[in-house]
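Asks: Everything below, folded, please.
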Amino acid sequence: MKKHYLVPIIILLSLATLLAGCDRSRKEPATFSNTAIGKPAPDFVLKDTKGKTWHLAELKGKVVFVHFWATWCPPCRGELPAIQALSPSLPPEAFQILAILSNDQAEVAEKFADGIGFAAPILLDPENQASKAYGTTGVPETYIVDKNGVLREAIIGAMDWNSPAARRMLANYL
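Replies: Below is the predicted model:
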């Protein structure tokens, strides 16, 4: 193979690898290394981009929307406005969104979030501890933790959070 063909092939393979973890638009049961649907959600302690520490166990009493995402993932970027739109319609004392940044830069994520008016905390997971605990295989992935700290839903891939079905599902846990 000639060398001038090698560069485009490497670029295509790199792009394919990058996008392989992005946008698996389906909902399926999930099994994790430490837990599963109907069992206690994997706990984590992460700092957000503002320096605040978030401990999942301290959010008992609220439904927690744990969302793994990245700015380099087009479906993730497309989902964030709909996720942000959930906040005004759900009571803040009973519902919390946590957006966990996956393999991305905090500055880039903050700039993107500010540009679209995304106000939920963006948590940093530099060692991928939360990602590993939840067994994520890519982004976007969303996990719904009920008021008792039990994992109730695992959405692998993008979802239309403005849909009546999505809103009913969340309302069932409030």
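Asks: use CA for all of it now, contacts and neighbours both
Replies: Fine.
Asks: Need the per-residue pLDDT for residue 12.
Replies: On the pLDDT scale, residue 12 is placed at 45.
Asks: nope, residue 147 is what I was after
Replies: 98.
Asks: And for residue 29?
Replies: Listed pLDDT for residue 29 reads 40.
Asks: what about the strands in this structure?
Replies: 26-27, 45-47, 53-55, 63-69, 95-101, 122-124, 141-145, 151-156 (DSSP state E).
Asks: Dump those to TSV, plus mean neighbour count and distance to residue 170.
Replies: As requested, the strands of the chain are arranged in TSV below (neighbours: other C-alpha atoms under 10 Å; distance: least, C-alpha to C-alpha, whole Å):
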stretch	mean neighbour count	distance to residue 170
strand 26-27	12	15
strand 45-47	17	24
strand 53-55	14	21
strand 63-69	24	8
strand 95-101	21	9
strand 122-124	24	20
strand 141-145	24	8
strand 151-156	20	10
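Asks: mind putting the ones you listed in TSV, distance to residue 108 included?
Replies: TSV is the format used below for those (distance: least, C-alpha to C-alpha, whole Å):
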stretch	distance to residue 108
strand 26-27	27
strand 45-47	16
strand 53-55	20
strand 63-69	13
strand 95-101	10
strand 122-124	11
strand 141-145	20
strand 151-156	24
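Asks: Please name the bridge partners of residue 98.
Replies: As for beta bridges, residue 98 partners with residue 66 under DSSP bridges.
Asks: residue contacts, it?
Replies: When contacts are counted by C-alpha atoms under 8 Å, 6 or more residues apart in numbering, residue 98 touches 64-67, 120-123.
Asks: ok, back up a step: which stretch among the strands of the chain comes nearest residue 111?
Replies: Taking C-alpha to C-alpha, strand 122-124 is the member of these nearest to residue 111, at 11.4 Å.
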